[in-house]
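Enquirer: Sharing a sequence plus its predicted fold:
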Amino acid sequence: MLASCSVAARAEPPARPAVECSPRDGLPAFFAKATAGGEVRVAYLGGSITAAPGWRVGSLEWLKQRFPQGRFTEINAAIGGTGSDLGAFRTGQDVVAGKPDLVFIEFAVNDGGTAPEQIEATMEGIVRQILAANPATDICFVYTLSQPVVADLLAGRCQRSAAAMEAVADHYGLPSIHFGVEVAKRIAADTLVFQGPKPANFDPAAVPMLFSTDGVHPLVETGHRLYTDVLTRSLETIEAAAGSRTREGVPAARRADNWERARLVPISSGMLAGDWQRAEADGDPLAKQFAGRMPVLWKTTTAGSRLEFRVRVPEADGVRRRAAVYDLLGPGSGVVEVRVDGGAPRRVPRLDGYCTYWRIATLSLGDLAPGEHLIEVALTDAAPDKKSILFERNRADIEKDPAKYAPRAWYASGLLIFGEADAKTGSR
């Protein structure tokens, strides 16, 4: 997840009661289109709980049955282990480009450790990007839960991340659905066990229901089924409660430092110096694996190969803004060297303790002040001590398959920036 940007300090959001369904202004344009028939496009922007074949799949199937006259198309914009910060950068490419009629946004768990003021800024940025592209697009926030917030829900209040998101939903009149309210009710009634081992003779119909094995990810047969039931009955509530409203343009911003200008810019050949290949053209299997999120993926295995670009951070709001490279972490990664505005270099291995496999990641370039900056990132000839970087439970993998860890490559796809970026003068 990206580190926090610099935002004005703000107190914790006020305590809010946890409510299963808050219809607010509803989803009138979506329901009108679904009722009339024709193509209806539904986007799901979130983390691993949305990426799983659970409530996302179940809700789309329910919509198809509920509105048989519609032709429903899914836009799956979920990436495990990511929050609303990366979501704000991805919104244009992964959501808006698909021209959705309805967008579900789920980041309450992955934003659990994020400062409330940043959650408000990133979530508002996502909303404003969607509405700027088409004010008629309907948006619904959904809140999932993990073990650390169960106590809040048992006490009848939203967890901190959901409370921050509710402030944004209030401002824009967006409906919200809290999956955790029903979970808490069942825990209190001793009809649901939130976390426990999955028995060999697992019975999804057993009481109490086993919700998850890890305290985060619902079991598809039980937890996700419960999430789907909450969502579908809440959609019926929202449809029944909503009046007519026509949104004209984008409402005034709630926060001046919101992330509406967050952008994902594909890396162009002009930003590269040295020996680079387009991974898809080279037949690299990672290009196919990540094509849905990284339509452009560059690869280098040559030390000294560089990514060089200039970025212009908007002066308008006077806020330091986060910048990063959208890249991959994996067992075959090397070490890169980051230099900003000719300053001291900073070396960063492109793997971590989880890297027995490849996954999407972000390489932080720091918080940039308004104005123009020169960024240089180069692959080094350093050999990271991969065995010591891996978590102890994963170290056996490097002994089992040392060839998987032998390369020192770097895969990079895009730039996560505010403002504009172009090639450094003199780059090829």
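Expert: Received, thanks.
Enquirer: So what's the residue count around D385?
Expert: Counted with other Cβ atoms under 10 Å, the neighbours of D385 add up to 9. (Each C-beta comes from the backbone N, C-alpha and C, glycine too.)
Enquirer: Quick check: the nearest residue to T237 once chain neighbours are set aside vs F30, distance?
Expert: Distances taken as Cβ to Cβ, 6 or more residues apart in numbering put C21 closest to T237, at 4.9 Å, once the chain neighbours are dropped. Separation of C21 from F30 (Cβ to Cβ, to the nearest Å): 16 Å.
Enquirer: Likewise for A97?
Expert: Distance from A97 to F30, by Cβ to Cβ: 19 Å.
Enquirer: Please say which of those two ends up with more neighbours.
Expert: Set A97 next to F30 and count neighbours by other Cβ under 10 Å: F30 wins out with 28 against 12.
Enquirer: For the more buried one, list the residues it contacts.
Expert: F30 makes contacts with V40, D101, L102, D138, as judged by Cβ atoms under 8 Å, 6 or more residues apart in numbering.
Enquirer: Export those to CSV and append columns for neighbour count and pLDDT.
Expert: Putting the contacts of F30 into CSV (neighbours: other Cβ atoms under 10 Å; pLDDT from 0 to 100) gives the following:
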residue, neighbour count, pLDDT
V40, 22, 98
D101, 25, 98
L102, 23, 98
D138, 26, 97
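Enquirer: Dump those into a markdown table; add distance to P17 and secondary structure as well.
Expert: Listed next are the contacts of F30 as a markdown table, based on distance: Cβ to Cβ, whole Å; DSSP: H, G, I helix; E, B strand; the rest coil:
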| residue | distance to P17 | secondary structure |
| --- | --- | --- |
| V40 | 33 | strand |
| D101 | 30 | coil |
| L102 | 26 | strand |
| D138 | 24 | strand |
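Enquirer: ok, so of these, who is nearest L416?
Expert: Comparing the contacts of F30 against L416 with Cβ to Cβ places L102 closest, at 25.7 Å.
Enquirer: show me what contacts the closest one?
Expert: Taking Cβ under 8 Å, 6+ apart as the criterion, L102 is in contact with L27, F30, V40, R41, V42, A43, T137, D138, I139, C140.
Enquirer: how near is it to W62?
Expert: To W62, L102 is 13 Å away according to Cβ to Cβ.
Enquirer: now swap in G274 and tell me
Expert: Distance from G274 to W62, by Cβ to Cβ: 51 Å.
Enquirer: same check, this time on I119
Expert: For I119, the distance to W62 equals 29 Å [Cβ to Cβ].
Enquirer: what about these two, which has more around it?
Expert: Per other Cβ under 10 Å, whichever of I119 and W62 has more neighbours is I119, with 26 against 18.
Enquirer: any chance you could map the helices in the stretch 1-150 of the chain?
Expert: Secondary structure of the stretch 1-150 of the chain (DSSP state H, counting those that start in this stretch): helices at 28-36, 48-51, 55-66, 84-90, 116-133, 150-154.
Enquirer: quick one: low-confidence ranges for the stretch 201-350 of the chain?
Expert: Residues of the stretch 201-350 of the chain meeting the criterion pLDDT under 70: 243-244.
Enquirer: And the contacts of stretch 212-221?
Expert: For stretch 212-221, contacts defined as Cβ under 8 Å, 6+ apart pick out 48-49, 52-55, 109, 146-147, 194-198, 202, 204, 210-211, 223-224, 226-227.
Enquirer: mind giving me the domain ranges of this structure?
Expert: 21-241, 263-423 (automatic domain parsing).
Enquirer: Determine which stretch of those domains is the most buried.
Expert: For these, the largest average neighbour count (mean count of other Cβ atoms under 10 Å) is found in domain 21-241, namely a mean of 20.
Enquirer: Let me see the ranges of the strands in the stretch 151-300 of the chain.
Expert: 176-178, 192-195, 209-212, 262-266, 272-273, 277-278, 298-300 (DSSP state E, counting those that start in this stretch).
Enquirer: Figure out which of these is closest to F89.
Expert: Taking Cβ to Cβ, strand 262-266 is the member of the strands of the stretch 151-300 of the chain nearest to F89, at 4.7 Å.
Enquirer: That closest one to helix 116-133, inter-axis angle?
Expert: Angle, strand 262-266 to helix 116-133, by axes from the mean of the first three to the mean of the last three Cα atoms, to 10 degrees: 70 degrees.
Enquirer: partners of strand 262-266 in the sheet?
Expert: strand 410-418 (antiparallel) (DSSP bridges).
Enquirer: for the strand it pairs with, the distance to its chain's centre please.
Expert: 15 Å (Cα atoms, centre = their mean, to the nearest Å).
Enquirer: quick one: average pLDDT of that strand?
Expert: Strand 410-418 comes out with an average pLDDT of 97.
Enquirer: Can you give the contact residues for the helix or strand following that strand?
Expert: The helix or strand immediately downstream of strand 410-418 is strand 420-423, counting by DSSP states H and E. Around strand 420-423, the neighbours that count as contacts under Cβ under 8 Å, 6+ apart are V265, S268, G270, M271, E308, F309, R310, V311, R312, L415.
Enquirer: what's the spacing between K99 and R247?
Expert: From K99 to R247 the distance is 16 Å (Cβ to Cβ).
Enquirer: who's in contact with the nearest residue to A303 once chain neighbours are set aside?
Expert: Distances taken as Cβ to Cβ, 6+ apart place D381 nearest to A303, at 3.8 Å, with adjacent residues excluded. Residues in contact with D381 (Cβ under 8 Å, 6+ apart) are A303, G304, R408.
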